[in-house]
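Asker: Have a look; sequence and predicted model below, questions after that.
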Amino acid sequence: MVRDTGGSMLCGVIYGALTKYAHPATERGLENSRTVLAELADKAAESNIRLGLEFCNRYETNVINTTHDTLEFISQIGRDNVMAHLDTYHMNIEEYSMAGAVKEAAAAGRLGYVHVGESHRGQLGTGSINWEEFLGALKEVDYDGVVTFESFSSKVVHPTFSNDLAIWRNLWDDNVELAAGARRFLRERLGV
């Protein structure tokens, strides 16, 4: 589908199930994931498609939870078209330093895709994310890739997905207003 719609990247939690696990990932499970991703990366490379692995917080996956984990996982896959997909919501929970994480991914040549989401999944700038640090780091490493705003509200998200992600509150109900606010916020801070 990515190829047929003219896309160049497949991103997300494509390395395992998005769910809360009761134990750490096993080496066999990790190897299964790496093997399948290597095969997928090879197939994607035939169409000049990159894969973006979105690491998530410990409550949503037991496979990769930080930028560093993701870079090691990518290294073990051993394919040039596999990238790190950074998401500020998850980074806010798991990283020691947002700037450090951005710089590590950029230095490895693996900063492939960015999600920006507030700590409570609502409008940008209304939570506890250190936007100056994160967006400043993107500017410092000259990131010129896609920056996508991601937000959830139980008012508009399907109940199954809402339950899976523990979206219990209606943080917003006007998606146009939300998107316009996020666009303004990012343009002011990124200068685009």
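Answerer: Structure's in. What do you need? Numbering: from 1, shown residues only.

Asker: what about Ala44, how many neighbours?
Answerer: 21 (other Cβ atoms under 10 Å). (Glycine included, C-beta is placed from N, CA and C.)

Asker: surely Glu150 meets His115?
Answerer: Yes: with contact defined as Cβ atoms under 8 Å, Glu150 reaches His115; the gap is 4.7 Å.

Asker: So the two - more neighbours on which side?
Answerer: Set Glu150 next to His115 and count neighbours by other Cβ under 10 Å: His115 wins out with 21 against 15.

Asker: Would you list the phi and psi of the spatially closest residue to the more buried one that is not a sequence neighbour?
Answerer: Counting by Cβ to Cβ, 6 or more residues apart in numbering, Asp87 is the residue found nearest to His115 once chain neighbours are left out, at 3.9 Å. Note on Asp87: its backbone torsions stand at phi -130, psi 120 [degrees, to the nearest 10].

Asker: show me the contacts for Asp87.
Answerer: Asp87 makes contacts with 54-56, 114-117, 150, as judged by Cβ atoms under 8 Å, 6 or more residues apart in numbering.

Asker: Neighbour-wise, which one of those residues leads?
Answerer: Phe55 (27 neighbours).

Asker: For that one, which non-adjacent residue is spatially closest?
Answerer: Ile64 (4.1 Å).

Asker: Do you have the strands of the chain handy? List them.
Answerer: 9-12, 50-54, 82-87, 111-116, 147-149 (DSSP state E).

Asker: Pick the most deeply packed of those strands.
Answerer: Stretch with highest mean neighbour count among these: strand 82-87 (a mean of 26; mean count of other Cβ atoms under 10 Å).

Asker: Rounded mean pLDDT for that strand, please.
Answerer: Computed over strand 82-87, the mean pLDDT rounds to 98.

Asker: now stretch 15-31
Answerer: For stretch 15-31, the per-residue pLDDT averages 94.

Asker: For it, which residues meet the burial criterion?
Answerer: The neighbour-count criterion (16 or more other Cβ atoms under 10 Å) identifies 15-16, 18, 25, 30 as the buried residues of stretch 15-31.

Asker: How about stretch 90-109?
Answerer: 90-92, 94-95, 98-99, 101-106, 108.

Asker: next one: stretch 184-192
Answerer: 185-186, 189.

Asker: between those residues, which is closest to Asp4?
Answerer: Nearest to Asp4 out of the buried residues of stretch 184-192 is Leu186 (Cβ to Cβ; 29.6 Å).

Asker: For that closest one, which non-adjacent residue is spatially closest?
Answerer: Nearest non-adjacent residue to Leu186, counting by Cβ to Cβ, 6+ apart: Val147, 6.4 Å away.

Asker: just to revisit the earlier point, any chance of the buried residues of stretch 90-109 in CSV, with pLDDT too?
Answerer: Below are the buried residues of stretch 90-109 laid out as CSV (pLDDT from 0 to 100):
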residue, pLDDT
His90, 97
Met91, 98
Asn92, 97
Glu94, 98
Glu95, 98
Met98, 97
Ala99, 98
Ala101, 98
Val102, 98
Lys103, 98
Glu104, 98
Ala105, 98
Ala106, 98
Ala108, 98
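
Asker: All set now, cheers.
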